[in-house]
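S.K.: need coordinates for the below:
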Amino acid sequence: MKLYAQLAVDLAALIRDGTLPQGARAPSVRQLCRDRGLSPATVIRAYEHLESRGFISSRPRSGFYVSGLWAESPPIPPVSRPAARSTQLDVSELIFDVLEATRDKAVVPLGSAFPNPAHFPLPVLARHLGSSARAMKGWNTIEDLPPGSLELRRQISRRYLHVGARVSPDEIVITSGALEALTLSLQSITRPGDLVAIESPAFYGCLQAIEALGLRAIELPTHPRDGVAPADLDHVLRKRPIRACWLMTSFQNPLGAKVPDEAKREIVRLLAAREVPLIEDSVYTELHFGRTRPHITKAHDRRGLVLDCGSFSKSLAPGYRIGWVAAGRYAYAIQRRKMMSTLATSIPIQGAIARYLDAGGYERFLGKLRGLLQTGQTRLLVALQQHLPTGFQVTRPDGGYFLWVQLAGSVDAIELHRRALTRGVSIAPGPIFSARRGFRNCIRLNYGHATDSQIDTGVRVLGELLRNT
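M.R.: Numbering: from 1, shown residues only. Prediction:
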């Protein structure tokens, strides 16, 4: 057993037998390093392992504390088992119907796809936006056409170094949000009728893009904690003429799954062996709860086949719509498509984000945001255990701001969505994340938008509706 795993087992035993009671502060990293002769990295990894299983929770600038979630922790949902055949999609109307309901401010936003804007440094960004607009020169309207602001691309390139990837500013194309980056990537590497391998359940934006481009989806089995397994991807690659793969390997929407680092390396290797490009949706990568950033697939790319798509909408500036794609060998093709579609992304906003990153402080802000999101997850999990009927299953991701809940019995999530709206609560029903409108007894809940009181109120309403079904 590895050192971190043994330490986690020992501490879990102390929590179970009450030696470390709920609410007690766990031993500090320094103390355990001294007492057990371990490195800080080993202790931190053990604590991250315990945290992901509900034994402890971290508090910003305070340390780790014993949590009570482990005592009555519901199981996680099973691995998805989608049909092996391809699917021509027809899901957009259902998705639009659900998304429209999340725009009402009076509704508890458990179904929202966005984090709470109050979490973000919008006043500071506004000052940078003003400075950027005042400094803008006429030549910038030409100079910052696709691929976009050189200074912003340089800042993004530097951030890739934090996750072990060497990305030149020349292969980065700035876009109007991550969804444009993802869609331009898909357009550049596929033709109508091509097969695209995706997760199951999958981000509904992925389903809509595949539908709009006349492509066909092959759904891969997806573990709610570990995501797509390389063996399942390999099986599909051997059997079907896959033209592209679209994955979200860090805190996947809606599951929250995080593919283990070695599995990410193997996924890149399998795709590279067949010259199949990978579109990686990395918008939640910065929202990890542990102190260690997850590796990204781009760090293992040696052939320019990984198109890594990111955004500041989830981690810094919601509403500013600044995204990008680190496109490898496809950078020029995507740059041309960007020119033909939306021409350019707002030049003053590009300048504002670049100024903010250059000023420093982004890492401190991210630390605060991660703490807020992790606290929100704990509160939502507690509310679910208090108010939902027994028998449900729920994920417990290591980052992001979504929980995936599989409800007990034959619950119709779409009908639950409609009934909840009449009580002022939104949820995201499982079928909007499925090429075949599956997962009918599943829902996605957002713990990064609603306030504490809204979380409790919303889940209490869901519990009442489920008991009266």
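S.K.: need phi/psi at the nearest residue to Ser313 once chain neighbours are set aside.
M.R.: Closest residue to Ser313 apart from its sequence neighbours, by Cβ to Cβ, 6 or more residues apart in numbering: Gly177 at 6.0 Å. No exception for glycine: its C-beta is placed from N, CA and C like everyone else's. The phi/psi pair for Gly177 (degrees, to the nearest 10) reads phi 90, psi 170.
S.K.: from Lys314, how far off is Gly177?
M.R.: Distance from Gly177 to Lys314, counting by Cβ to Cβ, to the nearest Å: 10 Å.
S.K.: neighbour count for those two, which is higher?
M.R.: The neighbour count for Gly177 versus Lys314, taken as other Cβ atoms under 10 Å, is higher for Lys314 (25 against 20).
S.K.: can you pull the pLDDT of the more buried one?
M.R.: With respect to pLDDT, Lys314 scores 93.
S.K.: now do the one 4 residues further on
M.R.: The confidence metric pLDDT takes the value 90 at Pro318.
S.K.: what of Leu271?
M.R.: Value for Leu271, per-residue pLDDT: 98.
S.K.: mind starting the numbering at 516 from now?
M.R.: That works, and once the first residue is 516, the last one we named lands at Leu786.
S.K.: that one against Leu793, yeah?
M.R.: Yes. With contact defined as Cβ atoms under 8 Å, Leu786 and Leu793 form a contacting pair (5.2 Å).
S.K.: got a list of what the residue nearest to Ser828 touches?
M.R.: Going by Cβ atoms under 8 Å, 6 or more residues apart in numbering, Gly692 touches Ser826, Ser828, Arg836, Ile837, Gly838.
S.K.: what's the spacing between it and Thr905?
M.R.: 40 Å.
S.K.: do Phe917 as well
M.R.: 22 Å.
S.K.: and Val558, what does it touch?
M.R.: Tyr519, Leu522, Val544, Leu547, Cys548, Arg551.
S.K.: going by neighbour count, which of those residues are buried?
M.R.: Among those, the ones that count as buried by 16 or more other Cβ atoms under 10 Å are Tyr519, Leu522, Val544, Leu547, Cys548.
S.K.: low pLDDT regions in this structure?
M.R.: 516, 585-588, 599, 601-607, 616, 653-659 (pLDDT under 70).
S.K.: give me the longest helix you can find in it.
M.R.: Criterion DSSP state H: the longest helix present in the chain is helix 877-902.
S.K.: ok, and what's touching the helix or strand that it is followed by?
M.R.: Later in the chain than helix 877-902, the nearest helix or strand by DSSP states H and E is strand 908-909. For strand 908-909, contacts defined as Cβ under 8 Å, 6+ apart pick out Pro589, Pro590, Ile591, Pro592, Pro593, Leu896, Leu899, Leu918, Trp919, Val920, Gln921.
S.K.: can you tell me which of these are in strands?
M.R.: Members of the contacts of strand 908-909 lying in strands (criterion: DSSP state E): Leu918, Trp919, Val920, Gln921.
S.K.: ok, these vs Met854, which is closest?
M.R.: Trp919 (38.2 Å; Cβ to Cβ).
S.K.: on that earlier part again, a markdown table please, covering the contacts of Val558 and showing secondary structure.
M.R.: Below are the contacts of Val558 laid out as a markdown table (DSSP: H, G, I helix; E, B strand; the rest coil):
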| residue | secondary structure |
| --- | --- |
| Tyr519 | helix |
| Leu522 | helix |
| Val544 | helix |
| Leu547 | helix |
| Cys548 | helix |
| Arg551 | helix |
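S.K.: which of the residues you listed lies closest to Asn956?
M.R.: Tyr519 (36.0 Å).
S.K.: that closest one and Leu553: what is the separation?
M.R.: Taking Cβ to Cβ, one finds Tyr519 at 8 Å from Leu553.
S.K.: swap in Arg982?
M.R.: In terms of Cβ to Cβ, Arg982 sits 48 Å off from Leu553.
S.K.: who has more neighbours out of those two?
M.R.: Shown here are Arg982 and Leu553; by other Cβ under 10 Å, Leu553 has more neighbours (19 against 10).
S.K.: surely the more buried one touches Leu547?
M.R.: Yes. Shown here, Leu553 and Leu547 form a contact pair, counting by Cβ under 8 Å, at 6.3 Å.
S.K.: and for those two, which residues touch both?
M.R.: By Cβ under 8 Å, 6+ apart, the residues touching both Leu553 and Leu547 are Leu522.
S.K.: could you pull out the strands for the stretch 816-965 of the chain?
M.R.: 821-826, 838-841, 908-909, 917-921, 943-944, 957-961 (DSSP state E, counting those that start in this stretch).
S.K.: in three-state terms, label Ile970 for me.
M.R.: For Ile970, the assignment made with three-state DSSP gives helix.
S.K.: residues contacting it?
M.R.: Shown in contact with Ile970 (Cβ under 8 Å, 6+ apart): Val623, Leu625, Gly891, Arg894, Leu895, Ala898, Tyr962.
S.K.: please repeat the previous calculation with a cut-off of 10 Å.
M.R.: Going by Cβ atoms under 10 Å, 6 or more residues apart in numbering, Ile970 touches 623, 625, 891, 894-899, 960-962, 964.
S.K.: and Ser572, which of the three is it?
M.R.: Under three-state DSSP, Ser572 falls in the strand class.
S.K.: skipping adjacent residues, who's closest to it in space?
M.R.: Closest to Ser572 by Cβ to Cβ, 6+ apart is Ser582, at 4.6 Å.
S.K.: contact partners for the one you found?
M.R.: By Cβ under 10 Å, 6+ apart, Ser582 lies in contact with 530, 537-538, 541, 565-566, 568-573, 588, 893, 896-897.
S.K.: in the stretch 566-715 of the chain, which spans are strands?
M.R.: Using DSSP E, counting those that start in this stretch, the strands found in the stretch 566-715 of the chain span residues 571-574, 578-581, 602-603, 687-690, 710-715.
S.K.: span of stretch 960-976 from start to end?
M.R.: Using Cα to Cα, to the nearest Å, the end-to-end distance of stretch 960-976 comes out at 13 Å.
S.K.: could you check how far that stretch is from the centre of its chain?
M.R.: 19 Å (Cα atoms, centre = their mean, to the nearest Å).
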